[in-house]
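Peer 1: when you get a sec, could you give me coordinates for this:
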Amino acid sequence: MSLTVLLTDYAWPDDLIERGIVESAGYRLVSGPSSPAPAATIEQLVRLHQPAAILTCWAQVSAAAIAATRDLKIVARLGVGLDNIAVDAATAKGAWVTNVPDYCVAEVSDHAVAFALAWTRGLVGFDRQVRAGQWNPAGARLRRLSTLTCGIIGFGRIGRATAGKLGSFRCRVLAHDPNPGPVAANVQMVDLDSLMRLSDIVIVHAPLTASTRHLINHERLALMKPGSLLVNVSRGAVVDTRAVLNALRSGQLGAVGLDVIESEPDVPEELRTHPSAMLTPHVAFSSDSSLIELRQRAAEEVVRVLRGQAPQQPRNTPIVR
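Peer 2: Numbering: from 1, shown residues only. Reported below is the predicted structural model:
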């Protein structure tokens, strides 16, 4: 009997790419619902199908799900972050955990810069006004990006790409990262509080971990220049939504650009209706090219491990059983 691969969920119209790669390698693919099901449902699917590999997009792969498998070899994330996978449980089980860390560097950095440009040029607000029958160019209060300071929180692959693109606009670029990699000449590394105080635009690229949950909170927003812009294209829970709403009400924040929200897909009504909120539905990673690359590479990683080879993008070191 061929080994089974469980695809828990997928944020695209079908599973054809994953199925083609897995089945052409001689394995069996079982797909769960396209939208992420509750953790208990994933656990039931695991108990039923006993997969040797799990491919997951957004669904929670819990410690209980991992414990329910007899011979799990890999949990492969169709994405970058690992906050929906019980990595420690997989490690103890002797299973690899992998991701695709660099498939959407161009897209997410483009999205971050797009929020910055939309704010400096007033694109979202003007679009709403014109559609409402208003034509008031004299009311424009716009900014020149080259005169502003942009702060980037999280200076990995995507943060460095964002810095490079902002550098082409000749603005001042600051960055903060507890473990920074290579730093370009146009970027100044600073501590987090200094970044918050000095920046006109703050862009969050930090991963979600225990130490970064609500990293951007009431206290840190209070450090920002009144009327500045906050952009989050990382994980929703890195930013405290209640703190953001309070800062928008007070004018401490002039605007926000949010691709992710900690309560997603539920968006608080006050945020949905706020004229200074630019919102997109967690799509910064997405493009025709990035999705094909993501799906191919994640599925190929599964096949590689099932054939007894080491993965190319391991995020853990499994305990040998």
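Peer 1: can you map out the strands along the stretch 101-250 of the chain?
Peer 2: Along the stretch 101-250 of the chain, counting by DSSP state E, counting those that start in this stretch, strands occupy 149-153, 172-176, 187-189, 201-204, 228-232.
Peer 1: of all these, which one is nearest T56?
Peer 2: strand 228-232 (22.7 Å; Cβ to Cβ). Using the backbone N, CA and C atoms, a C-beta is placed for each residue, glycine as well.
Peer 1: partner strands of the closest one, parallel or antiparallel?
Peer 2: Within its sheet, strand 228-232 is paired with strand 201-204 (parallel), strand 253-258 (parallel), according to DSSP bridges.
Peer 1: got the phi/psi numbers for A65?
Peer 2: Note on A65: its backbone torsions stand at phi -60, psi -40 [degrees, to the nearest 10].
Peer 1: identify the residues contacting it.
Peer 2: Listed by Cβ atoms under 8 Å, 6 or more residues apart in numbering, the contact set of A65 reads 39, 42-43, 46, 54, 86.
Peer 1: quick test: name the residue nearest the centre of the chain.
Peer 2: Residue closest to the mean C-alpha point of the chain, counted by Cα atoms, centre = their mean, is S234 at 3.9 Å.
Peer 1: before we move on, back to that, output the strands paired with strand 228-232 in JSON lines, with distance to R160 appended to each entry.
Peer 2: Listed next are these as JSON lines, based on distance: least, Cβ to Cβ, whole Å:
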{"stretch": "strand 201-204", "distance to R160": "12"}
{"stretch": "strand 253-258", "distance to R160": "20"}
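Peer 1: follow-up on the earlier one: correct me if wrong: the residue nearest to the centre of the chain contacts I261.
Peer 2: No - using Cβ atoms under 8 Å, S234 makes no contact with I261, being 11.6 Å away.
Peer 1: pull out the buried residues from the helix ranked longest in the chain.
Peer 2: In the chain, assigned by DSSP state H, the helix with the most residues is helix 288-306. For helix 288-306, burial by neighbour count (16 or more other Cβ atoms under 10 Å) applies to 290-291, 294-306.
Peer 1: and if you look at stretch 148-155?
Peer 2: Result for stretch 148-155 [16+ other Cβ under 10 Å]: buried residues 148-155.
Peer 1: quick check: mean pLDDT of that stretch?
Peer 2: Per-residue pLDDT over stretch 148-155 has a mean of 97.
Peer 1: so what pLDDT did S34 get?
Peer 2: Looking at S34, its pLDDT reads 89.
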